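>>> sequence and computational prediction follow.
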Amino acid sequence: MQDARWLFFDLGNTLISEERAWERRIQRLVSSLERYGRRRANEEVRAALREASEEFAPRLITRAIEKLIDDLECRKLILAEARYDKELESPYEGPNRPFGRCGRATGSGLSRISPLAQRNG
């Protein structure tokens with residue numbers, strides 16, 4: 001690490017698309033809510049997630065569930081069922097492009113770390 005000049009943290013939807021994983025999670029959440037007698041439309045769940053994001057909630061899914069239902073015990077059950085499928089994440093096409101542009105525009109070393117953005121496997 002002594003030779004490293006840059007360290008990049010992907011905090012979501014920068015290099016890796018989380019769209020499919022979140023869509024699956026929303027579907028699970030809607031199904032769980034319905035199973036526990038609290039029917040909600042996909043758009044209601046998305047709106048709760050958006051609001052949680054706008055509030056900078058540390059855990060979006062937990063805050064969204066809080067917005068959707070009042071029952072504490074039911075919240076725990078639903079949260080347990082609404083897991084996130086990390087295996088559905090996928091790299092964006094051409095993940096080197098954002099770094100290459102940034103490196104050229106600023107003269108920074110960002111383009112040198114772009115191979116780290118590639119996923120193994």
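Noted; the coordinates are in hand.

>>> tell me the spacing between residue 49 and residue 6.
31 Å (C-beta to C-beta, to the nearest Å). Just so you know, the C-beta spots here come from the backbone N, C-alpha and C atoms, and that holds for glycine as well.

>>> do the same with residue 71
Between residue 71 and residue 6 the distance is 47 Å, computed by C-beta to C-beta.

>>> and the protein, what are its domains?
Domain segmentation of the chain under automatic domain parsing yields 1-16+94-121, 19-88.

>>> mean pLDDT lowest where, among those?
Of all the domains of the chain, mean pLDDT reaches its minimum on domain 1-16+94-121 (a mean of 53).

>>> and the residue nearest to residue 78 when sequence neighbours are not counted, how many neighbours does it have?
Computed as C-beta to C-beta, 6 or more residues apart in numbering, the closest residue to residue 78 that is not its neighbour in sequence is residue 32, at 4.5 Å. Neighbourhood size, residue 32 [other C-beta atoms under 10 Å]: 19.

>>> quick check: phi and psi on residue 90?
Residue 90 adopts backbone torsions of phi -150, psi 150, taken as degrees, to the nearest 10.

>>> what's the helix or strand for residue 73?
In the assignment (DSSP states H and E), residue 73 maps to helix 72-81.

>>> just checking, what packs against the next helix or strand after that helix?
Counting by DSSP H and E, the next helix or strand C-terminal to helix 72-81 is strand 90-91. Helices and strands touching strand 90-91, as assessed by 3 or more C-beta pairs under 8 Å, 6 or more residues apart in numbering; DSSP states H and E, comprise strand 16-17.

>>> OK, contacts around residue 32?
Listed by C-beta atoms under 8 Å, 6 or more residues apart in numbering, the contact set of residue 32 reads 77, 78, 81, 82.

>>> distance between stretch 51-64 and the chain's centre?
12 Å (C-alpha atoms, centre = their mean, to the nearest Å).

>>> next one: stretch 37-44
Mean-position distance between stretch 37-44 and its chain equals 20 Å (C-alpha atoms, centre = their mean).

>>> on that earlier part again, state the helix or strand in which the residue nearest to residue 78 lies.
Residue 32 belongs to helix 19-35 when assigned by DSSP H and E.
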